[in-house]
Structures are given as structure tokens and as C-alpha cells.
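S.K.: Below is the sequence, then the predicted model.
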Amino acid sequence: MRWYQRLFRRARTERRIDAELRFHLEQQIADYIVGGLAPEEARRRTRLEFGGLDQVKEECRDVGAARLIETLLQDVHYGLRQFRRNPGFAAVAVITLALGIGANTAIFSVIDAVLLAPLPYTRSDRLVMMLQSNPFTKSLWSFSYPDFLDWQRAARSFQHVEGALSHDFNLTSPGVPAHLDGMEVSAGFFSSLGVRPVLGRYFTQEEDRPGGAPAVIISHRLFTDRFGGRPDAVGNVLTLDGVDYTVIGVLPATFHFGGQTDVYTPLGQVDRAILSDRSVHPGIVAIARLKPGVSLAQAQAEMSAIQRRLDRIYPHADRDEGASVRTLKQAIIGNVSGTLLMLFGAVGLVLLIACVNVANLLLVRSAMRAREFAIRSALGASRARIFRQLVAESVLLSPCRRYHRATNRRMGTEARAGGRGGNIASQR
């Protein structure tokens, strides 16, 4: 019989052990009688050889994992009884640990979301953000549109180089007027991030140019609010800043970039003055995906070389400007990693202090239970069994679990009937 069957069918297992032992006992007695011994002498010699049925049964129970689990359950039940008798100790220990563990869990959740978890884009570790920079002051700023086009054409380290520019819109139709957060993006912006529209399509190169057809891709939230989630939303018209834009796509509900953006329009349709003036920096940032095998340092070296060439060609607009290439995640989270790690270290110290305090409480409580341990040792409990009992009680302090009322009631009855000595004897 397997160990788990022995654990959950204990009564049947006990009957089988008893029947098997008695069979062997009777068989040995019969063998002695056949050998010429008197029945009484045969029984006496057999009992001497077996050493008593109860001892043999106990040895049988100690074999296998079932006995270990049974004793573990006994340790857990006994520990719960001890905590119920001393609820103040249990409450102080649990609250102390809860404060330390809760603080660490909260901070680690922030660190996991900000530092450890990848961005919600396809192969986000290969995405970078590029900005122009000043090599002397280390300050960063956005591109002019002509510089962005030059970088897009000249760069060879990237699969995609796409631009994005934040722009707010006033929506007047359909529905009630509203102010929307928007973004102007280049044609391959969404494909570079690995985002597929749930409805419709991306922008085309014909739309991402001056004079292109007014087209808009909307967020899932706007799709639900203004169009009721109907598939026929694609092809409808949004009036933004007095211009009618045709809805060509709907983004997934999980997609976010730079906050809660509701509408996306082609970057190439911005004001003609911005498109042609290299000295105007309206806020364009470049998002790029590294080619396989290209490192961040190689991309940085290439973009710095491109920017130095632009400095020589357009000294009036690009003099003393450099290039900055950073991972997209680093660009988004900024310099908060040091602060978060320092905060995590502080709450880790709080958890350490909480553990030390609980350990001191357990040591004091163990010293007060010296008489109990002495009685258990006298009844036959080994040091390993007592140590396992203390470990079980320590583990019980970490989770806050409600003990089953029926078990409490049964254990309370045993405690009242047997007193302190009865509880210790049951844990031999």
C-alpha cells in the first residue's frame, strides 16, 4: 500500500497490520508445535522472538513517508494548541512578521514592475530611444524633423527607426466634445514595437507625408466609449481640431506608450514649418529596434558618427550636438533604480529586525518550556522530534491561517481531559 493510502485510510491500514502480524505469530506458533514443542512453550518462545505486537506495530508505522506526515500533523496540531493558550505571544509574533513581510512585498512589487519586468512590447530588450544631446553639459533634447529623417535614412544598426511626437487634440465628433491626449507617429511606429491592431491596419507611407489622407488610429478605450466596441468603427470619422480623420485601426486594450494616449495620427502631416526647419525642435523622439547581433555600444558609435557629419553639413542648426542611444526601458524609468534599491535595502533591514525580535521571543518561550521538554524526553521523545516540533511552531507563525473550528474543539477537549501532561504525552 502506498504511503498516501496509509495516511488517509489509517483505520484500514491498522487492521491490515494487525491481521498480518497475528498471521505470522500464529504461523510461528504452529511451526514450533509441529517441531515438537508444547503449545504453551511455543507461544512463549514466539512472543520472546517477536518482542510484543505493539512494539512491532510501532516499527511498521515508522517505516515510510506516511509516519513522517502523521508526526508532522501532530506537531502542527500541538503548536496550534500552544498558540491558542498564549494568544498574546502569537499575535505579537504574527504582527511583527506581517509588518516586515508586507513592507518587503510592497517594495519588491514596485521593483519587479519597474526594474525587472520587461516592457510590454515584442523583444523589448532590443528597443532603444534616441535623442540629441550636448556632449559638454550631457543634457538631452528632441529632434528636429529634418534631423530625424536624416537619422532614419543613414542608420544601419536598426531594423526600424521611427518617430513620435506628443500632441493634444480637441474632439468634437462623434459624441460630446472632449480634450484627448494624442501622439503623432511615423508609419512603422507600431510595427517596430511589435503591436498589432485588433481592428484595421497601420499607417502607410502615403499617409505619413505632407498632404496625405487624414487617418487616425484610436485606443481601445476610445473605441469602446465613442463607438460602443462595434467592428464598424473602422471607416468612421473623428473630428479632431476641426479636421475629419478616418479611423483606420483600433489598438489592443493592453497597449500603452507614454501614458493614456487615445488618438494617433501620422507624424509626416505636422505643420509644414516644422517639417522644413532644422532649427525647430518640437519634441520628436526616435524609437528604434536593434538588428540581431548589434550591441548598444555599436549603435551609439554609429549614431554619434552620423550626428558629427550633420554638424559639419548644417553648422547653423546642429553645431556641437551629439547623439544619445539608450534602452527604451532606461529612458522610461530614468534614474529611479538607485532610489528603489536603497528603499528595498531599508525595508529588508526592517524585516531582519522583525525576524530577530521574533527569534528572541521564541528563545524566551523555549526557556520557559524547559519542564515540558524534560517530560517529553522522559517519555521517549528524541532530540530530533523536539526540534521538529519547534520548527513546526516557528513555521506556523509565518502564515496567518484560521484553524478549523472542529479541530480546535477536539483539541480543547483533549487539553481539558489530559491537562498539560496529557498534551506532552500525546507528542512523545
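M.R.: All right, it came through fine. Small disclaimer: the values here were computed from a predicted structure and weren't measured. Numbers count the residues shown, from 1 in each chain.
S.K.: Can you name every helix or strand that the longest strand belonging to the chain contacts?
M.R.: Using DSSP state E, we find that the single longest strand of the chain is strand 158-173. Under the contact definition 3 or more Cβ pairs under 8 Å, 6 or more residues apart in numbering; DSSP states H and E, strand 158-173 sits against helix 145-154, strand 178-185, helix 189-193, strand 237-240, strand 263-266, strand 285-290. In this view, the C-beta of every residue, glycine as well, is placed from N, C-alpha and C.
S.K.: What distance do you get for residue 219 to residue 170?
M.R.: Counting by Cβ to Cβ, to the nearest Å, the gap between residue 219 and residue 170 amounts to 16 Å.
S.K.: what do you get for residue 193?
M.R.: Counting by Cβ to Cβ - residue 193 and residue 170 are separated by 27 Å.
S.K.: who has more neighbours, these two?
M.R.: Counted by other Cβ atoms under 10 Å, residue 193 and residue 170 do not tie: residue 193 has more neighbours, with 23 against 13.
S.K.: Let me see the backbone angles for the residue nearest to that one when sequence neighbours are not counted.
M.R.: In space, and not counting its chain neighbours, residue 193 is closest to residue 121: 4.5 Å by Cβ to Cβ, 6 or more residues apart in numbering. Residue 121 adopts backbone torsions of phi -130, psi 160, taken as degrees, to the nearest 10.
S.K.: any idea of the pLDDT on residue 62?
M.R.: Looking at residue 62, its pLDDT stands at 53.
S.K.: sorry, that was for residue 300
M.R.: We note a pLDDT of 91 for residue 300 in this prediction.
S.K.: did I read that right, it in a strand?
M.R.: No: per DSSP: H, G, I helix; E, B strand; the rest coil, residue 300 lies outside any strand segment and is helix.
S.K.: and the nearest residue to it once chain neighbours are set aside, helix, strand or coil?
M.R.: Using Cβ to Cβ, 6+ apart and skipping the chain neighbours, the partner closest in space to residue 300 is residue 325 (4.4 Å). Look at residue 325: counting by three-state DSSP, its state is strand.
S.K.: From residue 192, how far out is residue 325?
M.R.: As judged by Cβ to Cβ, residue 325 and residue 192 stand 15 Å apart.
S.K.: Identify all contacting residues around stretch 169-185.
M.R.: The contact list for stretch 169-185 (Cβ atoms under 8 Å, 6 or more residues apart in numbering) reads 162-168, 203, 222, 225-227, 236-242, 257-267, 269-270.
S.K.: For it, measure first residue to last.
M.R.: Stretch 169-185 has an end-to-end distance of 14 Å (criterion: Cα to Cα, to the nearest Å).
S.K.: that older thread, okay, the residue nearest to residue 300: pLDDT?
M.R.: 90.
S.K.: same thing with the one 4 residues further on?
M.R.: Per-residue confidence for residue 329 comes out at a pLDDT of 86.
S.K.: who's in contact with the residue nearest to it when sequence neighbours are not counted?
M.R.: Leaving aside its sequence neighbours, residue 329 sits nearest to residue 119 (Cβ to Cβ, 6+ apart; 5.6 Å). By Cβ under 8 Å, 6+ apart, residue 119 lies in contact with 127, 328-329, 332.
S.K.: Likewise for residue 222?
M.R.: With contact set as Cβ under 8 Å, 6+ apart, residue 222 has these partners: 180, 262-263.
S.K.: do you know how far residue 211 is from residue 275?
M.R.: Residue 211 sits 11 Å away from residue 275, going by Cβ to Cβ.
S.K.: low-confidence ranges in the protein?
M.R.: Low-confidence segments of the chain, defined by pLDDT under 70: 1-14, 51-68, 135-138, 272, 398-428.
S.K.: Strands along that one, start to end?
M.R.: For the chain, strands defined by DSSP E occupy the ranges 127-133, 140-141, 158-173, 178-185, 199-200, 215-218, 237-240, 243-250, 263-266, 285-290, 322-327.
S.K.: how about those strands, which one is nearest residue 81?
M.R.: Smallest distance to residue 81 across the strands of the chain (Cβ to Cβ): 56.0 Å, for strand 322-327.
S.K.: Any buried residues in that closest one, and which?
M.R.: Using 16 or more other Cβ atoms under 10 Å as the burial criterion, the residues of strand 322-327 that qualify are 322-325, 327.
S.K.: For residue 309, state which of these is nearest.
M.R.: Taking Cβ to Cβ as the measure, residue 309 sits nearest to residue 323 out of those, at 10.9 Å.
S.K.: if I pick the closest one, what's in contact with it?
M.R.: 130-133, 151, 300, 303-304, 306-307.
S.K.: Is it bridged to anything, and to what?
M.R.: residue 132 (DSSP bridges).
S.K.: oh, and call the first residue 4 from now on, that's how I've got it
M.R.: Got it, first residue is 4 now, which makes that one residue 326.
S.K.: Look up how far residue 332 lies from it.
M.R.: 19 Å.
S.K.: Check residue 156 too.
M.R.: Counting by Cβ to Cβ, the gap from residue 156 to residue 332 is 27 Å.
S.K.: which one of the two has more residues nearby?
M.R.: residue 332 (18 against 9).
S.K.: For residue 315, see how far away the more buried one is.
M.R.: Distance, residue 332 to residue 315, using Cβ to Cβ: 33 Å.
S.K.: what do you get for residue 263?
M.R.: For residue 263, the distance to residue 315 equals 42 Å [Cβ to Cβ].
S.K.: What is the distance between stretch 102-117 and the centre of its chain?
M.R.: Its chain's C-alpha centre and that of stretch 102-117 lie 10 Å apart, by Cα atoms, centre = their mean, to the nearest Å.
S.K.: what do you get for stretch 151-159?
M.R.: Chain-centre distance of stretch 151-159: 39 Å, with Cα atoms, centre = their mean.
S.K.: Stretch 357-371 now?
M.R.: Per Cα atoms, centre = their mean, the centroid offset for stretch 357-371 relative to its chain is 32 Å.
S.K.: Not counting its own residues, what contacts that stretch?
M.R.: Here stretch 357-371 makes contact (Cβ under 8 Å, 6+ apart) with 89, 92, 95-96, 99-100, 102-104, 393, 396-397, 400.
S.K.: what do you get for stretch 131-138?
M.R.: 142-146, 150, 154, 161, 164, 284, 288-293, 299, 302, 306, 310, 323-331, 334-335.
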